[in-house]
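Participant: quick one, fold the following:
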Amino acid sequence: MTERDERRSDALAADGRSEPARVLLVADRPDVGDRAAAAIENRADRIDVTLAADAAEGLDLVDAGEVDCVVSGYDLPEMDGVEFLRAVRDRDRDLPFLLFTARGSEAIASEAVAAGVDEYLPVGDGGETDSAGTDDPYATLASRVDRAVSRSHTERRVTEHLDRMTDAFCALDDSWRLTYLNERAATLLDRDVGDLLGERIWDRFETLRGTEIEERFREAMATGEPTAFEFRFDAPDLELAIDAYPSDTGLSVYFRDVTEQRERERELRELSERFRLAVEGADVGVWDWDLTTDEVRFDERWAGMLGYDQSEIAFELSEWEERVHPDDLGEVWAALEAHFAGETEYYQYDHRMETKGGDWKWIRDRGRVVERDEDGAPVRAVGIHIDVTEEKERERDLERYRRLVDELPNSVALYDAEGRFSVVNDRIAEVYDASREELVGRRSPLLRRLRETREGDPFAALVAGDRETLSGTVELDIPERSDAIIDFSLRRLVIDGEFDGVLGITRDVTEERRRQRELERTSARLEALYEDSPDMIDIHDEAGEIVDANPVMAAELGYDREELVGMDVWEIDAELGPTEGTDLWQGIEMGETRRIETAFRRADGTTLPVEVQVRRVDVQGEDRFLATSRDISERKAYERRIERENERLDEFASIVSHDLRNPLNVLSGYLRLARETGEESYFERCESALDEMERLIDDVLTLARQGDAVGSVDPVPLGELATRHANDVFGSIERDGGTDGGGSGDGPGDSAAVVVETEGDVLADPGRLKRLLQNLFRNAAEHGGDRVVVGDLPEGFYVEDDGPGIPEDRRDEVFESGRTTSESGTGFGLAIVERIAEAHGWEVTLTEGEEGGARFEFTGVERC
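Facilitator: Next up, the predicted model:
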C-alpha cells in the first residue's frame, strides 16, 4: 500500500468507528448532574456518560484521551466553568465543550463564547419538549450532546482533509448510499451535494449499472480488497482514474480526471509510431523545425533525396523554401499556417522540389506541431519527406486512361496539337479498321472534316485554350460506310496545369437517327390513336392526379381538357375513394393491366357506367397509370333486360309447376268421381276447373307476350277507352250471386259502375292500355267493388274502386305474379298492369282511395 493509501485509510478510520462516544459531565450541583447524565444516556445508546466530581478530575480524564465531549456547569469548586473550558482548550482545541448552568447571564455567555465554547445552555432556558409537551432543558442538553459527538474531533479533521484534497472523493455505506462528497467530486460530477447525500449510487447514476465500475465496487465490498482502475464515459467524454477502499461500514472512492492526460499519451504514442514507421521506410527524410529560431535539422535521407550530401545542406528554413517550386510555395505555406492555427490535425501537401541537378521531384511533405508555448503558439514541428515522383507519373497516366475509360464504350481518342492520334481505344480502331498502333501518329479524318466544314479552325482554338469544348454532328466517310452520321465531342485536356491534348469522343448514330425518324412516325401514329380513340383515355400518377386526358374523355364528361388535368381520379370516379385507389394502384405490377367496372361522374352531376382497364407504365423513369375507359351503358341495359327475362322465366316455371297444377288436380279428382258415381254435377266442376286453367293460361301468355315491348304509340282518348271496355269486363264477371254481371239490375250480380272523370288523350299503345284498364276493372269486380273511377292526375291518371282495399303492409306484394286474395283470380292481373306501365315508361303506385278502396296512380304519362 502506498503512503497516500495509508493516510487515506487512517483518515477514514474514525469515520467508520463503531464504539460508543464518551461524554465527560462535571456538574455544579449533584441533582443537575444526575438528571443531565440520565437524559444524555437515554438520548442515544451509543453515548456513555462519566461524572467527574470537579474540574481537576475532569482534566485528568481529558489528558487520558478518554473523552469525546465535555459538559460542564459554571459554579465548580476551585475554578468556574469558563476557566475549566480554557484549561480544556489548552489541551485539545477541537474537543466539543457544552456549558450547562443555572447561572445564565449575558456576561457569562460572552465570556464562554470568547473562550471557544461549542454550546451555551442555561438550565432555565426553554428548549425541546418532553413527552408531556413541556419545555425540558435536559432534553435540549441531550440533543445538543448527541449532535456534538456525531461530529467528533477526528471526523472534522478527516472532513477538512478531504475537502482540501485535489482528488474527488465520495463515501458509500454498505447499502450503497452516498454519505459524503467533497467539493471536487461535486464539481466533477456536476451535481449538488445536497441532492446526492443519502441516495443510492445506482439509483442516481443508472448508467453505471452493468459497467466495470459496478463490477469492481461490488467485488471490493465482497472481498475487502482495494481496487484501482480507469473508466471512460462516453457522455460526457470523460476518463477517470478510480481508487476504491472498502471498510466495515462501506466504500471510500477517490477519482480524478485523466482525460487530457490519456489523450496526450495516445497522441504521443500515435505520433511516435508514425515517425518510427516513416523513418524505417525507404527514401523517407526527416525534418525537425524549431519555429522560434527557424532552425531546421534535415537528416541524411532528406538531403540525399534531392541529390545532396548532408554536409551541403545548412540547418536553415531557407534551404527548404528556396527549393520548393514557385507555383507550389504559396499553397504549401497556406497548408502550414492552417495547421499552426489548429485548423488541421496534420500538415500535409504534395509539392515539387528542385534537385541538385536542376530536375523537379514530387515530394509528399507531412508533419505536425509537437510542442506549443503557454499561449498555444507552435514552438516545434517534426515531419517527413517522401519521394513520390514515380507515383505522380503513374497518376498522370492513370488519370489519362481514367478519362478515356469513363467515356467508354464510345470511340475515344486523344489528339495531339497537330491533330494526330496519340492515344486511342479499341472501339475507334475497329471503326477505322486498323490496329491501335497503326492509328497512333495518323491525322484524324474527323478533325480534317471539321476544318473543311466549319468556319475558322475550331480545333486550333481548343489547342490554344480559346475554347474548352466543341461538339456536334457531322457526315463522315469511314470504312464501315460512306454515309455515316457521327456525333462528336471534343474537350481540351489539361493535367497538372499543362496542356495534354484534345480528348475526342465519337459515336456512330446512323442507325439511331434512322430509328429516331421511325420513332417519330410511330409517335405520330400513337398520338393520333390517343387523340382520336373512341374510348376515354387518361394518364395519372401514383397519387391519383390526372396528368393528361384525351379529347373524348373531356367531351364525354363535360369538361375542358385543361380542367381534367390536375384533377384527382376520385373527383370523376363516383365509386373510388383515395384509399381504395391507392391500394389498387400499389397492387399493380409494372406492365400489368387490371380491369374494373365503376361509374364516372360528369360535370353536370350525372353518372355513367364504365369499364376501365388500368395499366402501370414507366414514363421516363416515373410510375404512371394509363387508364382506358369505355361507356358500357348499353351493355348494362342489355344485362338488366336479360336479368328481367330470366326473372320472367323463373315466374313462368313457378306458374307451370304450381298454379297450373292446382286446377289440374281438381279436374283429375272430379273426373275420377264422375266415373265412379256417374254424377253430372262433377262434370260441371270439371268445366269450372278447365275455365280457370284457360284464364290462367291467357294471363300467362299475356304476361309473356306483352311483357316489356309496346307497339306504336298513338294519342288515345282515355275516357272513351275506359267507357267502351267497361261493360266487356264487368259483363263477363260472376258476382257473389252466381249470375252474369252483364245486366243493370240492383242485385249482387249487377255490373259495377264506371265513372270517367278524365279528358284529353294520352300517348300509349291502344291495345296495351286497353288490357291495363280491363285488368284493373276485373280486379275491382273480383274484390267486391261497386264503383270504379278513372280520373286525371297532374302527370298522369288514376283508377280507383270502392272495394275493401289492400292493407298498407301488403301493397308491395300485389304486383308480384301469382299473388291474389280472390278465389276466382289468377294473381297475374296486377303483374300485367305493372309490366304494361313499365313498358310505356310510366310509374304505377298503389294507395288508398277516398272511400277506402284501392287507388292505382300512373305518373310519367305523356299527354297530347
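
Participant: could you point out which element follows the lowest-mean-pLDDT helix or strand in the chain?
Facilitator: Sorted by mean pLDDT, DSSP states H and E, the helices and strands of the chain end with helix 3-13, the least confident at a mean of 40. Where DSSP states H and E defines the elements, the next helix or strand beyond helix 3-13 is strand 21-26.

Participant: counting by contacts, list what that next one packs against.
Facilitator: Helices and strands in packing contact with strand 21-26 are listed as helix 30-43, strand 47-51, helix 55-63, strand 69-72, helix 137-150; criterion 3 or more C-beta pairs under 8 Å, 6 or more residues apart in numbering; DSSP states H and E. For the C-beta atoms, the positions are set from N, CA and C on the backbone; glycine is no exception.

Participant: name the residues of stretch 77-96 that come out as buried.
Facilitator: Residues of stretch 77-96 classed as buried under the neighbour-count rule (16 or more other C-beta atoms under 10 Å) are 80-82, 84-85, 87-88, 95-96.

Participant: now what about that stretch, what contacts it?
Facilitator: When contacts are defined by C-beta atoms under 8 Å, 6 or more residues apart in numbering, stretch 77-96 is touched by residues 26, 28, 54-56, 58-59, 62-63, 67-70, 72-76, 97, 99, 101, 108, 111-112, 115-119, 148-149, 151-153, 156-157.

Participant: show me where the stretch 201-350 of the chain has helices.
Facilitator: Remark: helices of the stretch 201-350 of the chain, listed N- to C-terminal, are 201-204, 212-223, 259-280, 300-305, 317-321, 326-340; assignment by DSSP state H, counting those that start in this stretch.

Participant: out of the ones you listed, which gets nearest to Leu673?
Facilitator: In terms of C-beta to C-beta, the element of the helices of the stretch 201-350 of the chain nearest to Leu673 is helix 201-204, at 107.7 Å.

Participant: from the middle of its chain, how far away would the closest one be?
Facilitator: On the basis of C-alpha atoms, centre = their mean, to the nearest Å, the separation between the geometric centre of helix 201-204 and that of its chain is 35 Å.

Participant: buried set for that helix?
Facilitator: Of all the residues in helix 201-204, those buried under the rule 16+ other C-beta under 10 Å are Ile201.

Participant: just stretch 306-325 next, same as before
Facilitator: Burial within stretch 306-325, assessed by neighbour count using 16+ other C-beta under 10 Å, is assigned to 306, 308, 313, 315, 317, 319-320, 323-324.

Participant: winner for burial among the helices and strands packed on strand 21-26?
Facilitator: Mean neighbour count (mean count of other C-beta atoms under 10 Å) peaks for strand 69-72 among those, with a mean of 27.

Participant: what packs against that strand?
Facilitator: strand 21-26, helix 55-63, helix 81-91, strand 97-101, helix 137-150.

Participant: the first one - what's its average pLDDT?
Facilitator: To tie it back to what came earlier, the one meant is strand 21-26. Per-region confidence: strand 21-26 scores 90 on mean pLDDT.

Participant: quick check: closest non-adjacent residue to Gly250.
Facilitator: Asp173 (4.2 Å; C-beta to C-beta, 6 or more residues apart in numbering).

Participant: shouldn't the one you found be in contact with Gly198?
Facilitator: No: counting by C-beta atoms under 8 Å, Asp173 does not reach Gly198; the two are 9.5 Å apart.

Participant: give me the common contacts of these two.
Facilitator: With contacts taken as C-beta under 8 Å, 6+ apart, Asp173 and Gly198 have Thr179 as neighbours in common.

Participant: partner residues bridging the residue lying closest to Thr845 once chain neighbours are set aside?
Facilitator: Take Thr845 and drop its neighbours on the chain: the residue closest to it by C-beta to C-beta, 6+ apart is Glu857, 4.8 Å away. Per DSSP bridges, residues listed as beta-bridge partners of Glu857: Tyr798, Thr845.

Participant: how many neighbouring residues does Glu857 have?
Facilitator: When neighbours are defined as other C-beta atoms under 10 Å, Glu857 has 18 of them.

Participant: ok, so what distance separates it from Glu455?
Facilitator: According to C-beta to C-beta, to the nearest Å, Glu857 and Glu455 sit 93 Å apart.

Participant: hmm, back to that, quick one: the residue nearest to Thr845 and Gly841, what's the gap?
Facilitator: When Glu857 is compared with Gly841 (using C-beta to C-beta), they lie 15 Å apart.
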